[in-house]
Structures are given as C-alpha cells and as structure tokens.
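Visitor: Generate a structure from the sequence data that follows.
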Amino acid sequence: MLSGERKEGGSPRFGKLHLPVGLWINSPRKQLAKLGRRWPSAASVKSSSSDTGSRSSEPLPPPPPHVELRRVGAVKAAGGASGSRAKRISQLFRGSGTGTTGSGGAGGPGTPGGAQRWASEKKLPELAAGVAPEPPLATRATAPPGVLKIFGAGLASGANYKSVLATARSTARELVAEALERYGLAGSPGGGPGESSCVDAFALCDALGRPAAAGVGSGEWRAEHLRVLGDSERPLLVQELWRARPGWARRFELRGREEARRLEQEAFGAADSEGTGAPSWRPQKNRSRAASGGAALASPGPATGSGAPAGSGGKERSENLSLRRSVSELSLQGRRRRQQERRQQALSMAPGAADAQIGPADPGDFDQLTQCLIQAPSNRPYFLLLQGYQDAQDFVVYVMTREQHVFGRGGNSSGRGGSPAPYVDTFLNAPDILPRHCTVRAGPEHPAMVRPSRGAPVTHNGCLLLREAELHPGDLLGLGEHFLFMYKDPRTGGSGPARPPWLPARPGATPPGPGWAFSCRLCGRGLQERGEALAAYLDGREPVLRFRPREEEALLGEIVRTAAAGAGDLPPLGPATLLALCVQHSARELELGHLPRLLGRLARLIKEAVWEKIKEIGDRQPENHPEGVPEVPLTPEAVSVELRPLMLWMANTTELLSFVQEKVLEMEKEADQEDPQLCNDLELCDEAMALLDEVIMCTFQQSVYYLTKTLYSTLPALLDSNPFTAGAELPGPGAELGAMPPGLRPTLGVFQAALELTSQCELHPDLVSQTFGYLFFFSNASLLNSLMERGQGRPFYQWSRAVQIRTNLDLVLDWLQGAGLGDIATEFFRKLSMAVNLLCVPRTSLLKASWSSLRTDHPTLTPAQLHHLLSHYQLGPGRGPPAAWDPPPAEREAVDTGDIFESFSSHPPLILPLGSSRLRLTGPVADDALHRELRRLRRLLWDLEQQELPANYRHGPPVATSP
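Guide: You can find the predicted model right below:
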C-alpha cells in the first residue's frame, strides 16, 4: 500500500488512514496523493522555512541535517513526487495529549480536543526526523543551540521576557521549567514535587500578533492568535518552519494553562464567526495540496484590520503558491477534472444520492462524504473499530504495519533523564488505557496471538483475558471500558470460522469458578441445560479443576492435609496430580502475577506437612535412648512403614517440581519482556522452587538415614557368617530371599524393603538409583572399615576367612543383579571387592608378588590400606611379611600418614531429575480413586461458592439427568 520511499519507520498513521475509492490517483506511486491536506511536500516545507522572518528570539543558524523532514536523496530520487507523501506543516502545530483544544482535527476546525490528534499518533521528534534514521549523539552534539525569548505575559513585574538556551531536542515542557526558574516561580533545582506541579500549571504558547496601528501610538503588543504548544513539541523546530507575514509579529509566551486554553478557544471561535478571511492556524480539511504548501497563515484581510490592501494580499498569496508548489502538486492540476468526476461517483454511491441533484458544492462536503467510503486493506491484518472513546479522534480502521502491534496510551518520558516512553503502534486516549496496554502478534503463520499487559483490562469475545490467547479473524477485542475492535485478516482468504465465536450459539471462554455453566447469562442456554452442564463438570473425568483466587488457600490446604493424613486410597502420585491441576488452572486462566503467589503458598504448605511428619518419626525413633532401656533395632518391615509418608512426599514433590519448572518457562516466554514486574515474578517462582528442592533433599536424607541405620546392625554378618554350612546349597542368581544363607537375609531384607517402597511410591527412577547408590556406598564403607579394624588385634587376614567373605559378597551381588541393581552395586562395592580379592590370593602366589605389582593389580586401594592388609596378613607362625612388600621411599610418606578407613562424608551428591514431568494431565482420568477425590474437591469448591450467596440464591449440587 505504501510507496517505496515509506518504510517501517514511517508514521503509524499510514496504518490507519484508508481513503475512499473515489479519490484514488491512477499513478501507483501516488496512491496517497489525496493526503496532501494532511501531509506537506518537501518543497513547500523548505520554501516556507527558508524565508528570513522576524522572531521574538535571537536569529538561529540553519537547522542541522537531522532536522530535515525529508531525505535530500529521497526528494531527488522521487523527482519532486515525494511531496505527495509528505506531512503538511499544519499537522505539526497540533498539541500533545494534554487536553489542548481548538487547533482542529478530524472533527473539523475548532473542534475541542482535535489538537491532540496528531501528537497522540506521533511525537514531534519522530515527525521531524521523517524517514531519516536518528543521528548519533555525536552528530546531535554539534548542532548549535539557540536562544529563545519567552515573554512572561505579566508573570513578574519589571521583566518583559527571559532568555533561555534551547536546542533542537528541547521540548516545550523543558523550556517552561527553565523559564519558570528564571522568573523565580519554580521549586528547588532538584525537581521536587512542587516544581512538577508548577510546570503543569503553565504552558508555552506560540502567539501571533502585531503592534498597535500607526496613529494609536501605544506601541504595545497585542496578541490576536494563540496556540498552546504540546509538552513534547520542539519550539526551536516549530519556529524554523514558518515566519510571520509583514505587519505581523510572532513570539513565545508563558501563560497559565487554563488561561491559554480559554484564549485559544476564544480565538478559534472568533475565526469561525469571521469566516475564511481571518487568519487561522487550523488546518482546513477542504484545502488543496497547493494551499497546504503555501503560507501557514492566510493573508490578513480587511476584516482583520490589516493596513495592507485586500488585492495585494491575494496577489502575494498566489505568488507564494506558485513558488512553493512541488512537482507532484503541479502534476495534480491535469487530473483535477478526473478527481471531480470521482467525487461525483462517490456521491452517487452514498445512500439517497440518486434522488439528489448534484451541483456545485463546497469541496469540503465532498471530502466529508467520500471519507465515509473506506476500503479495507487486502494484504495486512487490521482492526475494525466498533466502539471508541472520542468519535472526533478515533479512526474506523487500524492497520497492522508490523508483525507485532502494540496498543497503548503512550506518554512522555518522566522528567529529565527519565525512562523513555514505551513504543506504541496505535495510540488510544481513553483514561483506562495503560501506556502499553496490549500486544498482538500476527506473523505469516496463523493464528495470531494476543497478550494483555499486566493489569490491563482486556476482553476477548466478551470474556476477561488474563493470559496470551489465540486471536482469530472475527474475534472481538475489548480494550478498557470504551474501545471494542473486531480483528480481521484478509490473508486467511475466508478460512476462519463460519460463525463468529462470540455469538450466543457458542459460549465464550469460561470464568474460573465451578459455577460458570450455572450462572452464565450469555451462553444462550436455559436453566436446566446450564444445570446439566455444571453436573457434567462436577462428575466428569476431564483433568480440570476450576477455582477462584479467593478459594485457593482452602483448596490447597485440603489437598495437602489429605495427602499428609494418608486418607482415602489415592494413587501414589495423586496429590501431585491434583496440585498440578491447580498450577495449570492458574497458569492458563488467572492473571499472570497469580502463579508466583500460588507456587509460594503451595511450597510452604508442603514443607510444613513434611516437617511435621519428620518430627513424628523422630519422636518414635529417638537417637538417644534413656539409660537402662536397650535400643531395639529397626526391622525392614518397621522402617518401610515409617518411611512410606516421606517417600510419597519425595516422589510427589519431585514430579510437581518438574511440572512447575515447565510452567515457569512457559510463563517467561509468554510474558512481556518489558513488564517491570516480570523479574519480581520470576524471583518469587525461584523461591518457591527452592523450597520444593529443600523438601526433596530433606525427605531423601531422612529416608537414607533410617535405611542405613537399619543396615548398620545387619552388615557385620557378611564378614562373620559362613555360607558353607553343613547340608546347605548355595543359591543361584535370581534366587528368592528365603533361599539365601541366614547370615545374608537381614541385609538383603533391607534392600528388598527399600526396593518395594520406592516401587510402591512410584519414585522417579533417577532418585531410586541415587537412593540405592547411597545405601551401597554406606555398605561398602562400613564393611571395609570393619575389615580394616578387625585385622589389627587378632588374626583375621587369612585365606579361609577371605573365601567366606568373597562368597557372601558374590551372593549379595548376584541377588542385586536379579533385582535390577547389579550395575550400581558393582560400582560402589568395588573397593571392598578389591580388598577381599587381595586376601583371597593363595599364599604362595602372594609371596611372589612385589609392591609395584600389587599396586597395579589393586588400584582402588590406597597405599596405606594396601600396606595395612599386607603387614597383617597371616603367613604362618613366626613368619613376617617379605621385603618385596615394603613400599618404596616415594610412597613411604603416603603409607605413614594415610588413613586406612573410608570417610562417610564423601558420599555422592544428590542430583535432581531433569526432563519433563511424568504427570499426565491430558485425557480422561482413568484411576477411579483419583476421580473420586477430584469430584470431592469440585463439590467442595461449589459449596464454598454457594456459601457466599444469599440463602435464597443458593443451589444444591445439580445432578445430571440420564438420557
């Protein structure tokens, strides 16, 4: 739709203005030529700004290159045709969104509030830059500043004006603050609250007037026309754009904001009553492109009291017009007849035009009628306005010129050095619109996505939108309480739904509460039908659990208390599944900031429940028993009963943590990266996940503590028992526990109890491996330390005893191999196996070995451990170790200072499982026990919701009728 010279960085108004078909120009490079009443040509801008005019301030040098409204190269390349796409000068004189009235706009000349129209769509610095890129700081620094005289208009006695230093980047608000400081009316230089309120009370005005006529003799300034500058306008740039005509003078005045608005309205009202002969700054909507390129002010006629003759003013104006026309404007003269024909064609298309007599009329009437015929774009998505805030300022069509389109109110940067205003594509001036309200992404692939900003009221097809959602053609998008748009995408080629999703035949998105189907008044269902829908939800098997934020605490507490008490017959991962449903509902249906709060509350409840369970086990199994009371060792059956609640919490917390991590990553991707609260939300999520990590660590430590405490009393039998008892036959691999030798059954019983416990609790396989890894590490260290300790005082290191230990160890490893734990056991029992293998070497072969060969054959043993085993080996009565077993001098220090015992503190660290959660929240709930608990919680939420209603409005749980 745009010409080749208009790129993405151009004005956002290109995405909103669509001209009637009756006003198109034939040339494809001049499709927007009719916008001349809005956009000035480059030649007209340069000619009007090149005059040497009288100012109320010091003369300034020519503006720097970055102030040009058009690129020089672009003007040359277009051959002067760029003027058909340039903005008119009068648009620069519209105020910012400060409530300035009377400068004209879409509502017509003199419409209050119309002056905000251009400033609300594009800031003056962006307009002044045009399509040229922003120059670097070094370039801007070289632009010479200017001195502006700001007249106080009676603010201070004895001071006619104050001079302030201004640059091309100085805004009107900044100059007001400096002028007030010069007048002594501003607050402290620090910029406190008093200064801000003082600046807001005054406005900088561009005043046009003239001294008293010759003969009056007063010589005093008399302002006849006044325009309030917007806070974001650049006075130095505005001053360079045009000059006052002879006999007139122009200056900047500092006036109270209310007084300036009143004077501005009075001036525009007087101009309306006097007609077109009075000088007016308002951009007339019916002026031609040539008029928009001429003088900014009409020549004052006799009605204004000008001393110049009426005829001379008209002649001078026509000369100025002929000098200031661009090539594109001259090319339009040959097509005016065709434009008149198109206007008549447009009028004939209007309702009732067939019976009307088309005759000569004001061109503004034709423009006003032809504006009613809007042609929507055919290659870009757009939004059709159904309801707005101010009809005089709102457009009908808002086109998406980028893949990401931002709706918002915009705003100025706060103070000097404040953060810049957020980038906004479509400016909406309603009071409840946030600076960055809503973002729509519509890429090449469908569907589009809409994401509301934090705290922004946005509705999607009549339902409150809190998270990112799909946006289909025909959907209704409501922003705040005033704006309502319909999204259209002509690229889909009519592939959207046949019926709009917001029609009563199809209910919209459901509110969070469980009574949504019963209380809905917009879904087009009868009372009985809504009751059946609610009954289907309460008794259904869909993995959905809806709740309101006010019921969150009661719901989470009920789930955690039920899991801690072990009530019901829930599956092992049932609590994690129910809690994950709560997390999923918060992530999908509730506001973006709700999920971090829910995770924090959830993690604290789980931690408190686990702490209570640990205290209960500690009270039943104290570490220090009273004197005289023997300590009863834990049996595998007793330890299994005690550890089952802890193991269940470890399994559920592990799966819940994996699920929460996925949801937090999704939240981070969906959230607006410019949201200032995003970092705070992520910190809250990290704190909640850290609490869940702590719960997993504590349950793991307590579980392995009680298991190793049980193993400690059973492990010595592996060194003392003899598997070769009379009549006993050694079992083979995969044998049952009852077939094992009696000395091995207690130890293997603990391993079997732990294996069954992890299987019943459905513990994550990674945690199962690490649990048994710690048990095997403890068993290896305990047995090796006992072996080292027993060889010191009595003869223990001999071949016959070593063969018994080797056989017991092989039987244990074979049983673990049959249980699926052979690889882990082999890895952790390696040092004990190496030590026993050394003692099992026949005496004759051992005597022939040297220290170096033994170190090579048994690398896992330290020099101190190897020397200890060799020095205490029983070779026979009166025989000591041979000299070949002596360590070399290089390892003597390691032998003397090394520790022969294994440290229990070098256990492997706990590594939490990575990857996706094993919870399945898709498809119907197959487990009957979980379905019963889900139904109970839904009815609990229904009861909580009904308790808030008056007694005569309450309903019992509906029952679905049988078909």
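
Visitor: what stretches of the stretch 451-600 of the chain score poorly on pLDDT?
Guide: Where the stretch 451-600 of the chain drops to pLDDT under 70, the residues are 494-527, 567-568.

Visitor: In it, mark out all the strands, start to finish.
Guide: Counting by DSSP state E, counting those that start in this stretch, the segments of the stretch 451-600 of the chain that form strands are 458-460, 463-464, 469-471, 476-479, 483-488.

Visitor: Including mean neighbour count, could those go into CSV?
Guide: For every residue, glycine as well, the C-beta is placed using N, CA and C. Below are those laid out as CSV (neighbours: other CB atoms under 10 Å):
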stretch, mean neighbour count
strand 458-460, 21
strand 463-464, 16
strand 469-471, 18
strand 476-479, 22
strand 483-488, 21
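
Visitor: now for the ones you listed, which one comes closest to Thr654?
Guide: strand 469-471 (31.5 Å; CB to CB).

Visitor: mind checking the backbone torsions on the nearest residue to Ala735 once chain neighbours are set aside?
Guide: Distances taken as CB to CB, 6 or more residues apart in numbering place Trp815 nearest to Ala735, at 6.9 Å, with adjacent residues excluded. Dihedral pair for Trp815: phi -70, psi -40, per degrees, to the nearest 10.

Visitor: Now do Trp815 against Thr747, distance only.
Guide: In this view, Trp815 and Thr747 are 10 Å apart by CB to CB, to the nearest Å.

Visitor: and if you look at Ser916?
Guide: Distance of Ser916 to Thr747, computed by CB to CB: 36 Å.

Visitor: any idea how far the residue nearest to Ala735 lies from Tyr705?
Guide: 24 Å.

Visitor: Looking at the two, which one has more neighbours?
Guide: Per other CB atoms under 10 Å, whichever of Trp815 and Tyr705 has more neighbours is Trp815, with 25 against 15.

Visitor: contacting residues for the more buried one?
Guide: Contact analysis of Trp815 by CB atoms under 8 Å, 6 or more residues apart in numbering lists Pro733, Gly734, Ala735, Leu737, Met740, Leu744, Leu748, Phe751.

Visitor: Thr862 too?
Guide: Here Thr862 is in contact with Ala894, Gly898, Asp899, Ile900 (CB under 8 Å, 6+ apart).

Visitor: What remains of these if I keep only buried residues?
Guide: Among these, those classed as buried by neighbour count (16 or more other CB atoms under 10 Å) are Ile900.

Visitor: Tell me the one of the contacts of Thr862 nearest Tyr487?
Guide: When these are compared against Tyr487 (criterion: CB to CB), the nearest one is Asp899, at 74.1 Å.

Visitor: ok but that closest one is inside a strand, no?
Guide: No. Under the criterion used here (DSSP: H, G, I helix; E, B strand; the rest coil), Asp899 is coil, not part of a strand.

Visitor: Go ahead and confirm it touches Ser906.
Guide: No. Here Asp899 does not reach Ser906: they are 11.5 Å apart, not a contact under CB atoms under 8 Å.

Visitor: What's the mean pLDDT across the strand or helix carrying Thr439?
Guide: Assigned by DSSP states H and E, Thr439 falls within strand 438-441. Strand 438-441 comes out with an average pLDDT of 92.

Visitor: so which helix or strand takes in Pro645?
Guide: Counting by DSSP H and E, Pro645 is part of helix 636-670.

Visitor: And the next helix or strand past that helix?
Guide: By DSSP H and E, the next helix or strand past helix 636-670 is helix 678-712.

Visitor: okay, the strands of the stretch 451-600 of the chain in a markdown table with distance to Val583 next?
Guide: Below are the strands of the stretch 451-600 of the chain laid out as a markdown table (distance: least, CB to CB, whole Å):
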| stretch | distance to Val583 |
| --- | --- |
| strand 458-460 | 22 |
| strand 463-464 | 20 |
| strand 469-471 | 19 |
| strand 476-479 | 28 |
| strand 483-488 | 30 |
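
Visitor: Ser703: neighbour count?
Guide: With other CB under 10 Å as criterion, Ser703 counts 25.

Visitor: Just the pLDDT at Arg879, thanks.
Guide: pLDDT at Arg879 comes out at 81.

Visitor: Confirm it sits in a strand?
Guide: No. Arg879 is assigned coil when assessed by three-state DSSP, not a strand.

Visitor: Please work out how many residues are found near it.
Guide: When counting by other CB under 10 Å, one arrives at 11 neighbours for Arg879.

Visitor: how much space between it and Leu870?
Guide: 13 Å.

Visitor: Also His472?
Guide: Distance, His472 to Leu870, by CB to CB: 82 Å.

Visitor: Among these two, which residue is more densely surrounded?
Guide: Leu870 (22 against 18).

Visitor: Make sure that one is actually in contact with Ala883.
Guide: No. The criterion here is CB under 8 Å, and Leu870 misses it with Ala883 at 11.6 Å.

Visitor: Give me the next element, helix or strand, following the longest strand that the chain contains.
Guide: Longest strand in the chain, counting residues (DSSP state E): strand 202-211. As assigned by DSSP H and E, the chain's next helix or strand after strand 202-211 is strand 221-228.

Visitor: pLDDT on the first helix or strand past that next one going along the chain, on average?
Guide: With elements assigned by DSSP H and E, the helix or strand that comes after strand 221-228 is helix 235-241. Helix 235-241 carries an average pLDDT of 86.

Visitor: quick one on the thing from earlier: which one of the strands of the stretch 451-600 of the chain lies nearest to Arg243?
Guide: When the strands of the stretch 451-600 of the chain are compared by CB to CB, strand 483-488 sits nearest Arg243, at 41.0 Å.

Visitor: could I have the closest one exported to PDB, CA atoms only?
Guide: C-alpha atoms of strand 483-488 as PDB (Å, rounded to 0.1, in the frame of the first residue of the first chain):
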ATOM      1  CA  PHE A 483     -12.700   0.500  22.900                       C
ATOM      2  CA  LEU A 484     -14.100  -2.500  21.100                       C
ATOM      3  CA  PHE A 485     -12.400  -3.800  17.900                       C
ATOM      4  CA  MET A 486     -13.000  -6.700  15.500                       C
ATOM      5  CA  TYR A 487      -9.900  -8.400  14.200                       C
ATOM      6  CA  LYS A 488      -9.800  -9.100  10.500                       C
END
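
Visitor: What lies in contact with that strand?
Guide: Contact partners of strand 483-488, identified using CB under 8 Å, 6+ apart, comprise 376, 381-389, 398, 428, 430, 433, 440, 448, 471-479.

Visitor: Just the buried ones out of the residues you listed, please.
Guide: 381-383, 385, 388-389, 398, 428, 430, 433, 440, 448, 471-479.

Visitor: and the strand holding Thr439, what does it pack onto?
Guide: strand 404-408, strand 448-452, strand 476-479 (3 or more CB pairs under 8 Å, 6 or more residues apart in numbering; DSSP states H and E).

Visitor: Partner strands of it, with direction?
Guide: Take DSSP bridges as the rule and strand 438-441 pairs in its sheet with strand 404-408 (antiparallel), strand 448-452 (antiparallel).

Visitor: just so I know, which of the ones you listed lies nearest Cys198?
Guide: Of all the strands paired with strand 438-441, strand 404-408 comes closest under CB to CB, at 28.4 Å.

Visitor: neighbouring contacts of that closest one?
Guide: 422-428, 433-442, 453, 479.

Visitor: quick one on the thing from earlier: tell me the helices and strands packed up against the helix holding Pro645.
Guide: With contacts taken as 3+ CB pairs under 8 Å, 6+ apart, helix 636-670 sits against helix 552-565, helix 574-589, helix 594-620, helix 678-712, helix 745-760, helix 765-793.
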